[in-house]
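[1] what follows is a predicted protein model with its sequence.
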Amino acid sequence: NAGWIYAAQAGAIDLTLIAILLLLAVLAAAVHVLNRHPDETRADGLLVDAPVGMYLGWILPAAAATAASWLTVRQIGFWDPTIWAVLAVAVVSFAGATAAMAGRGRLSGALALAWFLAWLLLARWVGPPQSPPVAIAAGFGLFFVLVCGLTSRSDAEHEERLSLRRATPAPS
């Protein structure tokens, strides 16, 4: 993250994109490892799982914004910037929902991304620069990410309850 900030402050857009994509890959790998190894204590969840998930939830839109900046500086693309923005929101929302569904019901990443999408919805609906298409895309993304995250959480809790029932002997 420090490399990304340094590259951005130096105006090195190519290095900025490389740094944010590496950071995204590292965080995705960390979440994958955390998904494979359940928390042993509640503190593990609060001190490790939650911050890493939240960090991934924030880096997803940061990576999309960095990629959009890179495309703009390099003058790549032939679409209107609004179309690029709506596509970026869709990709980020899909990636966030996928991460939420792949987890063991971890909500931290989904909630961090939902916070960003809610902010984007409000900012593009009422503030400059106004962009109703981007605001609407952010609203759909917000709904999608929250539904996927909450569904995954509900499924994980249901599986926990079922495993507890199987482990508890029936009363005679």
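    Arrived safely.
[2] when you work out contacts or count neighbours from here on, use the C-alpha atoms and nothing else.
    OK.
[3] give me the neighbour count for Pro61.
    21 (other C-alpha atoms under 10 Å).
[4] count the neighbours of the spatially closest residue to it that is not a sequence neighbour for me.
    Closest residue to Pro61 apart from its sequence neighbours, by C-alpha to C-alpha, 6 or more residues apart in numbering: Val92 at 6.1 Å. The tally of other residues near Val92 (other C-alpha under 10 Å) stands at 24.
[5] equivalent analysis for the one 10 residues further on, please.
    When counting by other C-alpha under 10 Å, one arrives at 16 neighbours for Ala102.
[6] can you name the residues that contact Met54?
    Taking C-alpha atoms under 8 Å, 6 or more residues apart in numbering, we find Met54 in contact with 108-113.
[7] how far off centre is the helix or strand hosting it?
    For Met54, the host element (DSSP states H and E) is helix 50-73. Relative to the centre of its chain, helix 50-73 is centred 8 Å away, using C-alpha atoms, centre = their mean, to the nearest Å.
[8] quick one, longest helix in this protein?
    helix 132-167 (DSSP state H).
[9] how about the nearest residue to Ala135 once chain neighbours are set aside, what does it touch?
    Nearest residue to Ala135 in three dimensions, chain neighbours excluded: Leu121, at 4.2 Å (C-alpha to C-alpha, 6+ apart). By C-alpha under 8 Å, 6+ apart, the contact set of Leu121 is 134-139.
[10] change it to 6 Å
    Listed by C-alpha atoms under 6 Å, 6 or more residues apart in numbering, the contact set of Leu121 reads 135, 138-139.
[11] check what pLDDT Ala167 gets.
    Looking at Ala167, its pLDDT is 79.
[12] so the residue nearest to Pro61 is in which element?
    Applying DSSP H and E, one finds Val92 within helix 81-102.
[13] may I see the buried residues of that helix?
    84-86, 88-97, 99-102 (16 or more other C-alpha atoms under 10 Å).
[14] the helix or strand just after that helix vs helix 50-73, what angle?
    Next helix or strand after helix 81-102 toward the C-terminus (DSSP H and E): helix 108-126. Here the directions of helix 108-126 and helix 50-73 differ by 40 degrees (axes from the mean of the first three to the mean of the last three C-alpha atoms, to 10 degrees).
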